[in-house]
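Q: okay, predicted coordinates and the sequence, questions at the end:
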Amino acid sequence: MIDSFALRAYPEYNFRVPVIRRAHGVVELGDYTLSSTPTSETVQWFIALDGSMCADQASRLGAQQLNVPLVLMLNLIDHGFRSGALIDARNQPSSLRWINNRGKERMPTDLACVQKHSIDYSNALDLTDAAEIVDRRNNTLIEVVGRGPVARAVYHIGLDSGFQFTQQRSLASFVIYVSKSHPHIFDHENSHLCTLPHLHVATRLDKATIGPLVIPGSSSCFRCAHLHRCDTSPDWMQVDLQWRRHVNSGHSDAILTHYTALHVLLITRHWIDGAALTNTLWDAKLPWPQFDPQNAPPHPLCGCQLHR
């Protein structure tokens, strides 16, 4: 049954989510299959919702006009919000007021994806929570430290995907460190001075490494990753020093570069959404790269946990 929030919402059809009619009367809102089978007249009523009245009024009026049970209309509106086929005309994200036209065009899709993602993971969000997440994404400024193909890919793909970037550390909320050295050479000296959440990424030829994502004082850090590497390879300290003296272009396979940038942005978005993937490293290698997570806990000899 529809919840009290949806009853107060002002439903407006989101034309980016198609109504699909399948065999045997099955109707889908995008890829969301309705549990009941609405009539063609009911579907037309649904598509005509324009946000001019609240869900309770619209449902009662629709039920009266089409001579169908009120519960059917209420359930249809509930499924509409859950699938992203309906948006609340009065409860749009506040960032809609200032973002550019490209962002405004993307907004209904972002809202629908946030809601659908939460439902897929059994943590249903109403439109207010979804709008807050979209606002957080639009208001979070990210600094990219480093140059080269990966840094450019993160920046350009990020801009196309709605991320906001800055070159001023004082304005940033998150930092992405792009290394041009060996993927397992972590910039732990500079990152130790960073008080913001930050993430390591590096590619070289056919290999890429992402992580750890560091929440200062509450997760493992770049130095932890370095110390774990020293534990598994006794000569790693010497290897590390030699790699740091090596001037590397940071070039890697072009598809791996963009594939890595996409994963960096997904991990960053998880943090923005409040689901930080900490204490984890992701390694990938051609020809079929897959960023499988590996455990990267705090190292007992690192002092990062003393600042909690």
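A: Great, that's in hand.
Q: quick one, helices of the stretch 101-250 of the chain?
A: Using DSSP state H, counting those that start in this stretch, the helices assigned to the stretch 101-250 of the chain run over residues 101-120, 127-139, 149-160, 188-191, 222-232, 236-245.
Q: per-domain residue ranges of this protein.
A: Using automatic domain parsing, the domain parsing of the chain gives 4-135, 140-307.
Q: format these as JSON lines; extra columns: mean neighbour count and mean pLDDT.
A: Any C-beta I mention is one placed from the backbone N, CA and C, and that applies to glycine too. Shown next, in JSON lines, are the domains of the chain (neighbours: other Cβ atoms under 10 Å; pLDDT from 0 to 100):
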{"stretch": "domain 4-135", "mean neighbour count": "17", "mean pLDDT": "80"}
{"stretch": "domain 140-307", "mean neighbour count": "17", "mean pLDDT": "86"}
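Q: can you list the helices of the stretch 101-250 of the chain in JSON lines and add distance to L66?
A: Shown next, in JSON lines, are these (distance: least, Cβ to Cβ, whole Å):
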{"stretch": "helix 101-120", "distance to L66": "26"}
{"stretch": "helix 127-139", "distance to L66": "25"}
{"stretch": "helix 149-160", "distance to L66": "43"}
{"stretch": "helix 188-191", "distance to L66": "62"}
{"stretch": "helix 222-232", "distance to L66": "62"}
{"stretch": "helix 236-245", "distance to L66": "70"}
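Q: S179 is nearest to which of these?
A: helix 149-160 (8.7 Å; Cβ to Cβ).
Q: neighbouring contacts of that closest one?
A: 142, 144, 165, 176, 178, 201-203, 250-252, 254, 257-258, 260-262, 264-265 (Cβ atoms under 8 Å, 6 or more residues apart in numbering).
Q: in strands, which of those residues appear?
A: Within the contacts of helix 149-160, residues falling in strands by DSSP state E are I142, V144, F165, I176, V178, V201, A202, T203.
Q: Y13 is nearest to which of the helices of the stretch 101-250 of the chain?
A: Per Cβ to Cβ, nearest to Y13 of the helices of the stretch 101-250 of the chain: helix 101-120, 10.1 Å.
Q: and of the ones in strands among the contacts of helix 149-160, the nearest to G211?
A: So of the ones in strands among the contacts of helix 149-160, ranked by how close each gets to G211 (Cβ to Cβ), first place is V201, at 8.0 Å.
Q: the closest one against F186, yeah?
A: No - V201 lies out of contact with F186 (Cβ atoms under 8 Å); the separation is 10.6 Å.
Q: overlap of the contact sets of these two?
A: With Cβ under 8 Å, 6+ apart as the test, V201 and F186 both reach S179.
Q: ok, the closest residue in space to A172 that isn't next to it in sequence - contacts?
A: Closest residue to A172 apart from its sequence neighbours, by Cβ to Cβ, 6 or more residues apart in numbering: E143 at 3.9 Å. Listed by Cβ under 8 Å, 6+ apart, the contact partners of E143 are F165, T166, Q167, Q168, R169, A172, F174, V175, I176.
Q: the last one reaches H198, doesn't it?
A: The reference is to I176. Yes - I176 is within contact range of H198, at 7.1 Å (criterion: Cβ under 8 Å).
Q: how about L281, phi and psi?
A: Note on L281: backbone dihedrals following degrees, to the nearest 10 are phi -120, psi 150.
Q: cool, C54 as well?
A: phi -70, psi 160.
Q: gap between it and Y10?
A: 6 Å (Cβ to Cβ, to the nearest Å).
Q: all strands for the stretch 1-150 of the chain, in order.
A: 11-13, 19-21, 27-29, 32-33, 86-88, 141-145 (DSSP state E, counting those that start in this stretch).
Q: distance to H270 added to those strands, as CSV?
A: Shown next, in CSV, are the strands of the stretch 1-150 of the chain (distance: least, Cβ to Cβ, whole Å):
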stretch, distance to H270
strand 11-13, 29
strand 19-21, 30
strand 27-29, 26
strand 32-33, 23
strand 86-88, 24
strand 141-145, 13
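Q: closest to L241 out of the ones you listed?
A: strand 141-145 (21.4 Å).
Q: helix/strand/coil for Q294?
A: strand (DSSP: H, G, I helix; E, B strand; the rest coil).
Q: so it sits right up against N279, yeah?
A: No - Q294 lies out of contact with N279 (Cβ under 8 Å); the separation is 9.9 Å.
Q: still on that earlier bit, the residue nearest to A172 pairs with what?
A: V175 (DSSP bridges).
Q: measure it to I176 for me?
A: From E143 to I176 the distance is 7 Å (Cβ to Cβ).
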